[in-house]
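Student: Sequence first, predicted model second:
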Amino acid sequence: MTTSITMPQLGETVLEGTIIRWLKQVGDTVAADEPLFEISTDKVDTEIPSPAAGTLSAILVPEGETVSVGTELATIDDGARGAGDTASDAGATSDAGTTAAVTTTPPGADGSKPPTTDGTGTTRSAGTAPRRVPVSTPARGGPRSSILSPIVRKMAAEHGVNLGKVTGSGAGGRITKGDIEAYLASEPPAATAPKLRVVSPADGAREEIVPVSHIRKRIAEHMHESVQTSARAWSMVDVDLENVALLREREKQAFRDREGAALTYMPFVARAVCEALLEYPQVNAELRGDDLVLHRYVNLGIAVAYAEGLIVPVIADADSMNLVGLARAIGDIASRARAKQLSPDEVHGATFTITNPGPFGSIMSVPIINQPNTAILSLDAVEKRPVVVDDAIAIRHRVYLSMSWDHRVIDGALASRFLARVKASLETWDFAEDLGR
Amino acid sequence: MAKAAVDAGAAGHGAEPRGKRTPQGEATYLVAIAEGLWEEMERDPSVYCLGEDIGVYGGAFKVTEGFIERFGSERIMDTPICEETIMGMSVGSAMAGMRPVAEVQYADFIANGFDELINVAGKYHYRTGVPLPMVVRGPSGGGVRASNFHSQNPEPWFAHSPGFKVMCPAFPSDAKGLLKSAIRDDNPCIFFEHKWIYRRIKEAVPDDPDFLVPIGKAKVRREGTDCTIISYGAMVHLALEAAEDLAADGISAEVVDLRTVTPLDAETVMTSVAKTSRALIVYESHRFLGIGAEVAAQIAEDAFEHLDAPVMRLAPPNVPVPFSPPLEDAFLPQVPDIAAAARSLVGW
Amino acid sequence: MLHDLMLSRYFDERMDALYRQGRLPGAIYSGRGQEGTHVGAASSLEPDDALLTTHRDLTAQLTKGLDLKRVMAQYWGRIDGYTRGRDGNSHIGDWAGSRTFAVVSMLPDAYPVAAGVALAFKRQGQPHVSMAICGDGSTSNGRWHESLNVSAIHDLPVVWVVNNNLYAYSTPNPLEFKIPTIAERSSAYGMPGVRVDGADVLKVFIAARGAVDRARNGDGPTLIESVSLRWKGHAGHDPATYVDKALLEEYMTNRDPVKRFQDLLLAENVVSQDDVAVLEQEIEREFQEGFDFAQASPFPVPDDVDKGLFTDDGYWTSEPSREGGTG
């Protein structure tokens, strides 16, 4: 009996995935729930466990290839005889009744597999198939979204359009020529996916050619897209964290004992930011066409660095959490992000993002906005600095909070007021209450 | 020699048919054809007409009315009812230096002269290199409640069988210019005049006696971006009307008038389809193996990568042209049919 | 005339042999036994007169002036044939030179065309005559009637010759028409009709010349029925077993147009046996030259297959491509 492995639906808005690595090869024995392959979607990389035990009998989509959700990726054969095996076992009697609940696939019967391409835009086609126009795979937007007319294929190939990003307006969600034209008109430079210029190998001793990882490509794409999209401006406040530092110093051991994690500056800032966002919803907004969507809740994106790059897990409804809740949530998603254990929906839907380069020593940053947010706040290193306090020079814990914001949505006055609100909260609030003291 | 009722020098080219223009100076399709024929007969004494009842009677539709007075009975030659011999005599006299313009009373009756056209005229130059400058005119098409034997569109017969240039103009100027080109052409030309258009469509037509419309050149009658409606003959007018309706819905339809069905102007068709990516072919010859079938095939072969939807055809079913108005209306593509087909094409 | 008769007979016999040996592609349509009709009728024409025939009447076209070499190149599908390989065997014509119509298989398709040619001669004031030859089979067809009718109405300068060889393929005269002779139909069209013995080339010639003169003088068309027998089948593949053996024997023995004319000339001392022998040698040489010419002539170039349908591409007004090589 053969089990078909398909590209899983990774969150309701995710439409396609890229095979990063096959962890098993054809012929390998696979246990149920044993990691079978790694995939990458728009925002998350994850391992996919095998849904069945048996032998990996075929890999249908090679590493590096992006396919739409539901595309058959591989087959696992459990060695038992099923309807799908009769072709290779002439004496067997097909008994469809015993296999009715299982998706079975006759060997090699992948004729319905939509055309796919690898990252270089070169068509991968089976056997000696004639030249085909290389195109990406369309999103699953409707019953007819997989129908690609000749002109759509041609334009997608010529302009490097990722069809997964084009919404089909034709009957049954079919992508029409007009959809491609509209897409190209709406995102002229983004349409040609940002490509890292490939330098031809010159001096082997002094240069090394490293293939760009999938996650790096996606980051590049998103960052470039953001810069192309937003009218980015930048503001910064200098915040006195002396009180927070004192509280943190006082409570950190007890917190670690109780929570098993360090009490960092991050939850304090997050707490202050959530409060300010509720007060200034324009900063917590999304520009959607001609409308501005003001969020009355905060889904807080936290940029987390990990070995391969950067990921932005989201703390949903962060505005409903107190300091401890935020500290727990931040610790949880950060550790799971680094372990690639985030669920796809946990990297989606941020309304505002905080990035935190402080631990790496940066004291001032100009971050790129995490689309479709209006602003992103950078928490840099907290340092003791000499400052004037009440006309006297004092040594205080200080931090620069910088914010990149979209001038299409807000203006400098509002950005400054928002930052002033955050500053005031951090300097004046008694966070001890949040810690239950 | 024939007696000249009108002095050509005094009256000028096309004097008599031009006298039939409207007070505004417009010529109907029928008058435009008469003008073209008259001008060519004045220009070239080797041009003569033969056919049934074309002389004193002036033809069943009165295209040659008044011609016999001007050109005489030898150049406006009434024949017995003998279509094979009309065609064969056209071949023979063309071989021997004349330029016959034969009229079949209705295009349907060209079937009676079929063999001489298919087996003699169409093959002759290919076999021998002997030019056959001959034109066969015939009123074709339906929509006039003339039923089975007076409503056919025989253009595919001659488009399919080699050796003919087949013209199906839709507008008076094209009809005049194409007929004059056909008469001056050294090859067998089949000129179908759509009788539904004869007295319905009129426009200003050029007076220049050397005004010619090139054979084998289509014309974009209406510019559009969303789909291309390819047609010829009477259907062009319906397609234009449908395009007007579609425009009200925000659909921009381009209308290509083939004018000549063979040689087919593939270039104009492909250029338009490359622009709109959608092709609807509306034609009055039968759907199966009709002119539109060939146009569709060529688009599929040569413009495939430009297509955003399957090529569509709208044409009568493969049954004879029925008489009863509801039946004939169902048989022929109508304006709402064309608009609906275009909508479904654009919405595909 | 004797040359034409003897050449026709020799050509017919030799081509038949080559066909049976498998050395001649396509088809042959023997005119053997009917040479009197062909040579007699065609000899009555002037060079500018037109001749429109069927595929059985190659002898008439040869008499009118076709080049035997190009005829044979046509049989072998070569570029130097009159149709440049686009047609074969006796489906031949040479309008520009000999004023003959390229034969069309459908019969009598040449009849309406002959009327048209005659019409053009008349309308253009040219003193030429158009002659059409068909078989008895054609007379049952509507076009035959149409053509005779129109030609009479307009007094066209045309001569209608019917080569009545007693069979339309396999169908004998009694199953073709009820009346005793074809010639008597002429009165129904308002033109004279003549019936002659096709075995006697001089009688055919005299009748044809009379009709040609009449036409040239503006007195309109004439119908000539020339009776003979088709000695061979309809085409090379047809053994003609439907022909009565005794009838065939009678025609071959006593009504051989070639032998009869040769005997006449010998009896009248117009030619000697030596002259005939010389003529035979000359004809054999002509034939061999034609055969050699045809074999040396290249085949048409395949790329030219779609050229020359219309005048537009200039195929027929330019020299043909000759890199086809010889077969």
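Tutor: Yep, that arrived.

Student: which parts of stretch B:52-64 are buried?
Tutor: Residues of stretch B:52-64 classed as buried by neighbour count (16 or more other CB atoms under 10 Å in any protein chain shown): B:52, B:54-55, B:58-64. Quick note: C-beta positions are derived from backbone N, CA and C, even for glycine.

Student: would you list the residues you listed in TSV and tack on distance to C:Gly116, pLDDT and secondary structure?
Tutor: Compiled in TSV, the buried residues of stretch B:52-64 are given as follows (distance: CB to CB, whole Å; pLDDT from 0 to 100; DSSP: H, G, I helix; E, B strand; the rest coil):
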residue	distance to C:Gly116	pLDDT	secondary structure
B:Glu52	16	97	coil
B:Ile54	17	96	coil
B:Gly55	18	95	coil
B:Gly58	23	94	coil
B:Gly59	20	94	coil
B:Ala60	23	93	coil
B:Phe61	25	94	coil
B:Lys62	26	93	coil
B:Val63	22	95	coil
B:Thr64	19	96	coil
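
Student: Give me the subset of these that also touch chain C.
Tutor: Among these, no residue sits close to chain C (CB under 8 Å from any CB of the partner chain).

Student: immediately after the helix or strand hosting C:Gly116, which helix or strand?
Tutor: Taking DSSP states H and E as the criterion, C:Gly116 maps to helix C:110-123. Sequence-wise, the next helix or strand downstream of helix C:110-123 (DSSP H and E) is strand C:130-135.

Student: that older thread, from the middle of its chain, how far away would the helix holding C:Gly116 be?
Tutor: Taking CA atoms, centre = their mean, to the nearest Å, one finds helix C:110-123 lying 18 Å from the centre of the chain it belongs to.

Student: Just the CA coordinates for it, please, in CSV.
Tutor: Extracted as CSV, the C-alpha positions of helix C:110-123 are listed here (Å, rounded to 0.1, in the frame of the first residue of the first chain):
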residue,chain,number,x,y,z
ALA,C,110,-13.4,21.3,-72.2
TYR,C,111,-16.6,22.0,-74.0
PRO,C,112,-17.8,25.1,-72.0
VAL,C,113,-14.2,26.3,-72.1
ALA,C,114,-14.1,25.9,-75.9
ALA,C,115,-17.3,28.0,-76.1
GLY,C,116,-15.5,30.7,-74.0
VAL,C,117,-12.4,30.6,-76.2
ALA,C,118,-14.7,31.0,-79.2
LEU,C,119,-16.5,33.8,-77.5
ALA,C,120,-13.3,35.7,-76.9
PHE,C,121,-12.1,35.2,-80.5
LYS,C,122,-15.4,36.6,-81.7
ARG,C,123,-15.6,39.5,-79.2
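
Student: Now do it: which elements does it pack against?
Tutor: helix B:83-95, strand C:50-52, strand C:130-135, helix C:142-153, strand C:158-164 (3 or more CB pairs under 8 Å, 6 or more residues apart in numbering or on different chains; DSSP states H and E).

Student: Serialize these to TSV and add fields for mean neighbour count, mean pLDDT and distance to chain A.
Tutor: Formatted as TSV, those follow (neighbours: other CB atoms under 10 Å in any protein chain shown; pLDDT from 0 to 100; distance: least, CB to the nearest CB, whole Å):
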stretch	mean neighbour count	mean pLDDT	distance to chain A
helix B:83-95	30	98	44
strand C:50-52	31	98	53
strand C:130-135	30	97	56
helix C:142-153	23	97	51
strand C:158-164	30	97	60
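
Student: Take the ones you listed and lay them out in CSV including distance to A:Ala305.
Tutor: CSV is the format used below for those (distance: least, CB to CB, whole Å):
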stretch, distance to A:Ala305
helix B:83-95, 89
strand C:50-52, 97
strand C:130-135, 100
helix C:142-153, 95
strand C:158-164, 104
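
Student: So which of these is nearest B:Glu254?
Tutor: Nearest to B:Glu254, of all the helices and strands packed on helix C:110-123, is helix B:83-95, at 37.9 Å by CB to CB.

Student: After the closest one, which helix or strand is next?
Tutor: Assigned by DSSP H and E, the successor of helix B:83-95 is strand B:99-103.

Student: residue ranges for the helices of the stretch 201-348 of chain B, please.
Tutor: B:234-248, B:266-276, B:291-302, B:325-331, B:335-346 (DSSP state H, counting those that start in this stretch).

Student: show me where the stretch 51-200 of chain A has helices.
Tutor: A:150-159, A:177-186, A:188-191.

Student: now those helices in CSV, with distance to C:Asp16 and mean pLDDT?
Tutor: Shown next, in CSV, are those (distance: least, CB to CB, whole Å; pLDDT from 0 to 100):
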stretch, distance to C:Asp16, mean pLDDT
helix A:150-159, 59, 90
helix A:177-186, 67, 90
helix A:188-191, 77, 48
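
Student: Point out the most buried one among these.
Tutor: Most buried of the helices of the stretch 51-200 of chain A, by mean neighbour count (mean count of other CB atoms under 10 Å in any protein chain shown): helix A:150-159, with a mean of 20.

Student: Show me the shaky parts of the stretch 201-327 of chain C.
Tutor: C:323-327 (pLDDT under 70).

Student: which bits of it sit near chain B?
Tutor: Going by CB under 8 Å from any CB, the residues of the stretch 201-327 of chain C near chain B are C:308-312, C:315-317.

Student: try it again with 6 Å
Tutor: Contact residues (CB under 6 Å from any CB of the partner chain) of the stretch 201-327 of chain C with chain B: C:308-311, C:316.

Student: May I see those residues organised as JSON lines, with neighbour count added?
Tutor: Shown next, in JSON lines, are those (neighbours: other CB atoms under 10 Å in any protein chain shown):
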{"residue": "C:Gly308", "neighbour count": "22"}
{"residue": "C:Leu309", "neighbour count": "18"}
{"residue": "C:Phe310", "neighbour count": "23"}
{"residue": "C:Thr311", "neighbour count": "18"}
{"residue": "C:Trp316", "neighbour count": "19"}
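
Student: Looking at these, which is nearest chain B?
Tutor: C:Trp316 (2.9 Å; CB to the nearest CB).

Student: sorry, back to before: what is the orientation angle of the helix holding C:Gly116 with strand B:99-103?
Tutor: Interaxial angle, helix C:110-123 versus strand B:99-103 (axes from the mean of the first three to the mean of the last three CA atoms, to 10 degrees): 120 degrees.

Student: what's the average pLDDT for helix C:110-123?
Tutor: In this model, helix C:110-123 has a mean pLDDT of 98.

Student: Please list the residues outside that helix that contact it.
Tutor: B:84-85, B:88-89, B:91-93, B:96-98, B:116, C:50, C:52, C:101, C:128, C:130, C:132, C:143-144, C:147, C:150-151, C:156-158 (CB atoms under 6 Å, 6 or more residues apart in numbering or on different chains).

Student: With adjacent residues omitted, what lies nearest to B:Gly34?
Tutor: Just so we're on the same page, residue B:34 is Ala rather than Gly. In space, B:Ala34 comes closest to B:Pro17 once its chain neighbours are excluded; the distance is 3.8 Å by CB to CB, 6 or more residues apart in numbering or on different chains.
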